[in-house]
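S.K.: The amino acid sequence is not available; the structure is as follows:
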């Protein structure tokens, strides 16, 4: 009896199995690549509404600071005041009765390119296991609150927190182990105005050569954003050589500009010694303009930002232009220009011109008042209008959009563009 022959796979069967295996491997590789892209935070909407714009040009061949304000109630605001858990009552204008909310809807449009749209998810991923710290006065705190609201808008309540320890305010994105911090140091160096609450002194005193008391909190930060201008706005400053706790200190009145330059050099010396050049990115934010004199934009003499509801309609107001670069900012630029000789690069973010046109963006009378208003003030609202700080959502969000563009440098944006 003939032996039954066992079936043997043919050549076609072998090839078919081999091809199936190859297809399976390709699918696995594709899925792995997608996972890696997500893991390393190149989200589909990294550039938001500006996904198809030339974002590389925005950082290499275009001046982001030269542009105009465009009304855009479709993509702005980037968050809602009422939904920001950590909004400050000093700048929560809607909460305190402001009804004209058009200040929410203005977008900064550079003349020759688009400003990369802020993406909170991408920045949180960049900040994973890192510290972003703002150092300075209440205007830098204004910008910090803006950043907290921007990032907090994509973080569920259980996964974010905020606390204060003296001069240090910390917002934490828990899942990312990322912190966004603000440190109160209005004159950057040590002064008698260093208390974050009780700091309004009739006789302002600075120790222009003393910074370590503050700077020890900044040492390990990955991104440092400095500002210091508002508290130097006086003709003379009292300078102390010695300690506030010592009776043998030497006090000397000097021209503020000279004291400011000395303080900045102390700051630069500290950076040179303590900053990790391979880790830390450094930024200095220019002066934020006030709108305390309406005649500078051809408004009524003796008035200020009170009752203003629209930006300045055009460029070129002579009085406003003259305020663009006071001597103090020239001192800042001089000190920053010398930083590369120390092996440091500090990016100057000049917010002055773009902010100058937003006369309607201040809290004015729509904020928490820490002391009861007098009858005289109530009869003249412009007398207590805050024309220094900024309502949120508002102008400081654009400052942070600029910061975002500089944190994601042009090479990284180019990589992201190719991945999209």
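M.R.: Received it, and whenever you're ready, just let me know what you need. Just so you know, these numbers come straight off a predicted model, no measurement behind them. Residues are numbered from 1 along each chain as shown.

S.K.: rest of the way, CA atoms for contacts and neighbours
M.R.: Fine.

S.K.: Run a quick neighbour tally on residue 342.
M.R.: 12 (other CA atoms under 10 Å).

S.K.: now the one 4 residues further on
M.R.: If you count neighbours by other CA under 10 Å, residue 346 ends up with 19.

S.K.: if I pick it, what's in contact with it?
M.R.: By CA atoms under 8 Å, 6 or more residues apart in numbering, the contact set of residue 346 is 281-284, 336, 339.

S.K.: Of those, keep whichever come out buried.
M.R.: 281-284, 336, 339 (16 or more other CA atoms under 10 Å).

S.K.: which among the residues you listed gets closest to residue 380?
M.R.: Nearest to residue 380, judged by CA to CA, of these is residue 284 at 36.8 Å.

S.K.: Just the element for the closest one, please.
M.R.: strand 281-285 (DSSP states H and E).

S.K.: hey, where'd the helices end up in the stretch 151-300 of the chain?
M.R.: 212-215, 256-274 (DSSP state H, counting those that start in this stretch).

S.K.: So which elements touch the last one?
M.R.: It stands for helix 256-274. strand 236-241, helix 327-337 (3 or more CA pairs under 8 Å, 6 or more residues apart in numbering; DSSP states H and E).

S.K.: what's the distance between the residue lying closest to residue 234 once chain neighbours are set aside and residue 118?
M.R.: What sits nearest to residue 234 in space, not counting adjacent residues and going by CA to CA, 6 or more residues apart in numbering, is residue 256, at 6.6 Å. The spacing between residue 256 and residue 118, counted by CA to CA, to the nearest Å, is 37 Å.

S.K.: ditto for residue 133
M.R.: From residue 133 across to residue 118, the span is 18 Å (CA to CA).

S.K.: where in the chain is pLDDT low?
M.R.: Low-confidence segments of the chain, defined by pLDDT under 70: 1-61, 315-325, 409-420.

S.K.: residues contacting the closest residue to residue 391 other than its chain neighbours?
M.R.: Once flanking residues are discounted, residue 391 sits nearest to residue 91: 4.7 Å by CA to CA, 6+ apart. With contact set as CA under 8 Å, 6+ apart, residue 91 has these partners: 142, 363, 367, 389-392.

S.K.: Now distance to residue 238 too, for the contacts of residue 346, in CSV please.
M.R.: As requested, those are exported to CSV (distance: CA to CA, whole Å):
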residue, distance to residue 238
281, 32
282, 29
283, 28
284, 25
336, 25
339, 27
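
S.K.: Residue 137 is nearest to which of the helices and strands packed on helix 256-274?
M.R.: helix 327-337 (15.8 Å).

S.K.: Buried residues, the closest one. List them.
M.R.: Of all the residues in helix 327-337, those buried under the rule 16+ other CA under 10 Å are 328, 331-332, 335-336.

S.K.: List just the nearest of these to residue 375.
M.R.: When the buried residues of helix 327-337 are compared against residue 375 (criterion: CA to CA), the nearest one is residue 328, at 37.6 Å.

S.K.: if we can go back for a sec, could the helices of the stretch 151-300 of the chain go into JSON lines alongside mean neighbour count and distance to residue 354?
M.R.: Listed next are those as JSON lines, based on neighbours: other CA atoms under 10 Å; distance: least, CA to CA, whole Å:
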{"stretch": "helix 212-215", "mean neighbour count": "15", "distance to residue 354": "30"}
{"stretch": "helix 256-274", "mean neighbour count": "17", "distance to residue 354": "25"}
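
S.K.: now those helices in a markdown table, with distance to residue 303?
M.R.: A markdown table is the format used below for the helices of the stretch 151-300 of the chain (distance: least, CA to CA, whole Å):
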| stretch | distance to residue 303 |
| --- | --- |
| helix 212-215 | 38 |
| helix 256-274 | 28 |
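
S.K.: The ones you listed: which one's closest to residue 84?
M.R.: helix 212-215 (28.5 Å).

S.K.: Run through who's touching the closest one.
M.R.: Under CA under 8 Å, 6+ apart, the answer for helix 212-215 is 185, 188-190, 270.

S.K.: starting at the chain centroid, how far to that helix?
M.R.: Mean-position distance between helix 212-215 and its chain equals 22 Å (CA atoms, centre = their mean, to the nearest Å).

S.K.: rewinding a little: direction included, what does the strand holding residue 284 pair against?
M.R.: Strands adjacent to strand 281-285 in the sheet, as given by DSSP bridges, are strand 223-226 (parallel), strand 346-349 (parallel).

S.K.: hmm, back to that, which among the contacts of helix 212-215 count as buried?
M.R.: Using 16+ other CA under 10 Å, the buried ones in the contacts of helix 212-215 are 185, 188-190, 270.

S.K.: What residues of stretch 397-411 count as buried?
M.R.: Under 16+ other CA under 10 Å, the buried positions of stretch 397-411 are 397-408, 410.

S.K.: ah, wrong one, I meant stretch 205-220
M.R.: For stretch 205-220, by 16+ other CA under 10 Å, it's 205-211, 214-215, 218, 220.

S.K.: between those, which is closest to residue 167?
M.R.: Distances from residue 167 to the buried residues of stretch 205-220, taken by CA to CA, are shortest for residue 214, at 8.8 Å.

S.K.: The closest one and residue 136, how far apart?
M.R.: Taken as CA to CA, the span from residue 214 to residue 136 is 10 Å.

S.K.: Show me the common contact partners of the two, please.
M.R.: Common neighbours of residue 214 and residue 136 (CA under 8 Å, 6+ apart) are 185, 188.

S.K.: Could you pull out the strands in this structure for me?
M.R.: Along the chain, counting by DSSP state E, strands occupy 67-71, 106-110, 131-136, 160-165, 168-173, 178-184, 190-191, 205-207, 223-226, 236-241, 250-255, 281-285, 346-349.

S.K.: tilt between the fifth one and strand 160-165?
M.R.: Relative orientation of strand 168-173 versus strand 160-165 (axes from the mean of the first three to the mean of the last three CA atoms, to 10 degrees): 170 degrees.

S.K.: So what are the sheet partners of strand 168-173 and their directions?
M.R.: strand 160-165 (antiparallel), strand 178-184 (antiparallel).

S.K.: same check, this time on the shortest one
M.R.: Each strand paired with strand 190-191, and its direction, by DSSP bridges: strand 205-207 (antiparallel).

S.K.: so how far is the partner strand from its chain's centroid?
M.R.: 27 Å.
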